[in-house]
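*Asks:* Build the 3D model from these lines:
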Amino acid sequence: MHFDTESETFWRDIAPELFDLQDKTKFPPIFGSNHAAVGLTGPRKDDWTKPCPGNWTFEERLAGCVSFQEAIYGTETLKRLEAIKKVGDPNNMFACNNCIRGTEEKEEEAADQEEVPTQEDKDDVAVEEDGVGSTIVRILAIVSLQSP
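*Replies:* Model prediction:
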């Protein structure tokens, strides 16, 4: 026997009554930012009447569920905030966990998550950590890789 959780009841019964969920390209702002918490997401992307499964991995939730930022700001406002961030902070000086990020930053982050570090990447990190002359060593390493 299955008992509904509060989350299942909210997304299935309450959210469709309170919010317009008909346009599948525009998720509405549902949560207040004061409710943002670790692990908070919106519903599943493929069915807004179902909660994001708590037993999914972080990667599965990222790919399959509405992000907490989109659930807070809504699709349209989040896109607008990302565009403002891109113009107002093109060098990403004001970055923090869960801050609004430009679309390029999101794409770069997704690409970074797909890359598997090589031994060369690990060596680069070791060079950066030693501090003494690391910039010169790094430049020489890059130049030597580009030389025929």
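
*Asks:* where exactly do the strands run in the chain?
*Replies:* In the chain, no strands are defined using DSSP state E.

*Asks:* for it, what spans make up the helices?
*Replies:* Here the chain has its helices, by DSSP state H, at 6-9, 15-18, 58-64, 68-73, 75-88, 103-114, 119-130, 134-146.

*Asks:* how about the CA coordinates for the fifth one, as PDB?
*Replies:* In PDB, the C-alpha atoms belonging to helix 75-88 read as follows (Å, rounded to 0.1, in the frame of the first residue of the first chain):
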ATOM      1  CA  THR A  75      11.200  30.500 -16.100                       C
ATOM      2  CA  GLU A  76      10.700  34.000 -17.500                       C
ATOM      3  CA  THR A  77      12.200  35.900 -14.500                       C
ATOM      4  CA  LEU A  78      15.100  33.500 -14.200                       C
ATOM      5  CA  LYS A  79      16.000  34.000 -17.900                       C
ATOM      6  CA  ARG A  80      15.800  37.800 -17.300                       C
ATOM      7  CA  LEU A  81      18.000  37.600 -14.200                       C
ATOM      8  CA  GLU A  82      20.500  35.500 -16.100                       C
ATOM      9  CA  ALA A  83      20.600  38.100 -18.900                       C
ATOM     10  CA  ILE A  84      21.200  40.900 -16.400                       C
ATOM     11  CA  LYS A  85      23.900  38.900 -14.700                       C
ATOM     12  CA  LYS A  86      25.600  38.400 -18.100                       C
ATOM     13  CA  VAL A  87      25.700  42.100 -18.800                       C
ATOM     14  CA  GLY A  88      26.300  43.400 -15.200                       C
END
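
*Asks:* so how far is residue 57 from residue 100?
*Replies:* Counting by Cβ to Cβ, to the nearest Å, the gap from residue 100 to residue 57 is 25 Å. To be clear about C-beta, it is placed using only N, CA and C from the backbone, and glycine gets the same treatment.

*Asks:* Counting neighbours around each, name which of those two comes out higher.
*Replies:* When neighbours are counted by other Cβ atoms under 10 Å, residue 100 and residue 57 differ, and residue 100 comes out ahead with 19 against 10.

*Asks:* Per-residue pLDDT of that one, please?
*Replies:* What the model reports for residue 100 is a pLDDT of 84.
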